[in-house]
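In: Fold the following, please.
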Amino acid sequence: MATYECSNCGMGVNATCAKCDEPLVDGVLKLDDGGEVQISECPNGHGKIKSPMCCGNDMSCTI
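Out: Residues are numbered from 1 along each chain as shown. This is a model prediction of the structure:
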C-alpha cells in the first residue's frame with residue numbers, strides 16, 4: 001500500500017482506490033522531458049495520483 005509521509009510534521013496517509021477499495025501501489029511517471037514524478041496507481045487500472053501535499057510540500061512515499 002502506498003503510504004505517504006510528511007517530512008515536516010510526520011503525518012502519514014494510506015491510499016486506496018475509491019472505485020474498488022484496493023490499496024494503491026507505488027510507481028513513477030516518466031515525463032517527456034526526462035523527469036520523473038512519484039505516483040500511486042490503482043492495480044485494477046482505475047487511475048493514478050501524484051503525491052498528496054502537507055505543510056505546503058509534496059509528501060513522499062518509499063518506492
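In: Output the below-cut-off pLDDT ranges for the chain.
Out: 1, 62-63 (pLDDT under 70).
In: Show me the strands in it, by range?
Out: For the chain, the strands defined by DSSP state E occupy 3-5, 12-14, 25-30, 36-41, 48-50, 53-54, 57-58.
In: Let me have these in TSV, extended by mean neighbour count.
Out: Heads up, the C-betas are built off the backbone N, CA and C, glycines and all. Output for these, formatted as TSV (neighbours: other C-beta atoms under 10 Å):
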stretch	mean neighbour count
strand 3-5	18
strand 12-14	13
strand 25-30	13
strand 36-41	17
strand 48-50	13
strand 53-54	14
strand 57-58	13
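In: Next, the distance between the ends of stretch 29-49.
Out: With C-alpha to C-alpha, to the nearest Å as the measure, stretch 29-49 spans 10 Å from end to end.
In: Please enumerate residues in contact with that stretch?
Out: For stretch 29-49, contacts defined as C-beta atoms under 8 Å, 6 or more residues apart in numbering pick out 2, 4, 15, 17, 19-20, 22-28, 50-51, 58, 60-61, 63.
In: Which residues are in contact with C9?
Out: C54, C55.
In: how much space between it and M53?
Out: According to C-beta to C-beta, to the nearest Å, C9 stands 12 Å off from M53.
In: How about Q38?
Out: 13 Å.
In: okay, how far is it across stretch 14-27, tip to tip?
Out: Terminal residues of stretch 14-27 lie 15 Å apart, using C-alpha to C-alpha.
In: What is the distance between it and the centre of its chain?
Out: 9 Å (C-alpha atoms, centre = their mean, to the nearest Å).
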